[in-house]
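[1] With the sequence up front, the predicted model follows.
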Amino acid sequence: MAKAIGVIHMLTVMDALKIESLKNTKLAAGKNGLDRVIKSVTVMEVPDIVKWLKGGEFIITRFYSIKDNVQDQINILYELNKLNASGIAIKLTDSFPAIDERFIKAADEINFPVIEVTESLTFLDIMTPLNYAIFEQEEHFRLVEEYIKAIVFHTYKTKEFVIERGKNLGYDIE
């Protein structure tokens, strides 16, 4: 009897925190939102970035343009949440040494993940492995989609080939 093919796992904030270059970061808030899906990664250094977001973005910022205005930071947090962004990594610097407790509290209330990043970690240290993980999952999804289409439209020549291909993709359809 054939087993059902499972749902493809998408990259979540929890997955991102397990990536080697992000292991030295700290989850500052939003632990109940770690299942949010990361569809893309972007840098935010201007407060009006939300105009260009589509949802699912993981934001990296230093809050440079609003480092002295906690209410503006909180407003952006709420806007990101409305747009279904996945989370925010805030790089701590000499000019922005700590995330304000009011921001942390607001993020916890809406289950929005906030990752504290040390100054030694570059934006590329975050973006590169996350983009790679997103690409890998998209490629796996494409291969599974082709596999399912081939089954539905009977383009495989033998049952054994279908079973073997499924195993290679992580599915046991026997």
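    Ah, there it is.
[2] residues contacting Asn24?
    Thr118, Leu121 (Cβ atoms under 8 Å, 6 or more residues apart in numbering). The C-beta positions use only the backbone N, C-alpha and C, and glycine is treated the same way.
[3] Can you point out the buried residues in stretch 146-164?
    Tyr147, Val162, Ile163 (16 or more other Cβ atoms under 10 Å).
[4] and which of those residues is nearest to Phe103?
    Tyr147 (44.6 Å; Cβ to Cβ).
[5] mind checking how far that closest one is from Glu136?
    16 Å (Cβ to Cβ, to the nearest Å).
[6] Can you get me the start-to-end distance on stretch 151-162?
    One end of stretch 151-162 sits 7 Å from the other (Cα to Cα, to the nearest Å).
[7] Renumber starting at 6 from here on
    With 6 as the first residue, the last one maps to stretch 156-167.
[8] Which residues does that stretch contact?
    With Cβ under 8 Å, 6+ apart as the criterion, stretch 156-167 contacts Lys154, Ala155, Arg170, Ile178.
[9] Any chance of JSON lines for those residues, columns pLDDT?
    Compiled in JSON lines, the contacts of stretch 156-167 are given as follows (pLDDT from 0 to 100):
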{"residue": "Lys154", "pLDDT": "87"}
{"residue": "Ala155", "pLDDT": "85"}
{"residue": "Arg170", "pLDDT": "86"}
{"residue": "Ile178", "pLDDT": "75"}
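[10] I'd like the mean pLDDT over stretch 69-77, please.
    Averaged across stretch 69-77, the pLDDT comes to 93.
[11] Name the residues of that stretch that come out as buried.
    Neighbour count says stretch 69-77 has Ile71, Val75 buried, by 16+ other Cβ under 10 Å.
[12] can you name the two of the contacts of stretch 156-167 that are farthest apart?
    Taking Cβ to Cβ, no two of those sit farther apart than Lys154 and Ile178, at 14.4 Å.
[13] thinking again about what came up before, wait, which of the buried residues of stretch 151-169 is closest to Pro102?
    Tyr152 (50.3 Å).
[14] Let me see the contact set for the residue most central in space within the chain.
    In the chain, the residue lying closest to the centroid (Cα atoms, centre = their mean) is Ile43, at 2.3 Å. Ile43 makes contacts with 15-18, 20-21, 61-63, 91-92, 135, 139, as judged by Cβ under 8 Å, 6+ apart.
[15] on that earlier part again, adding secondary structure and distance to Thr98, write the contacts of stretch 156-167 out as TSV.
    Compiled in TSV, the contacts of stretch 156-167 are given as follows (DSSP: H, G, I helix; E, B strand; the rest coil; distance: Cβ to Cβ, whole Å):
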residue	secondary structure	distance to Thr98
Lys154	helix	49
Ala155	helix	51
Arg170	helix	49
Ile178	coil	51
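[16] All good on my end, thank you.
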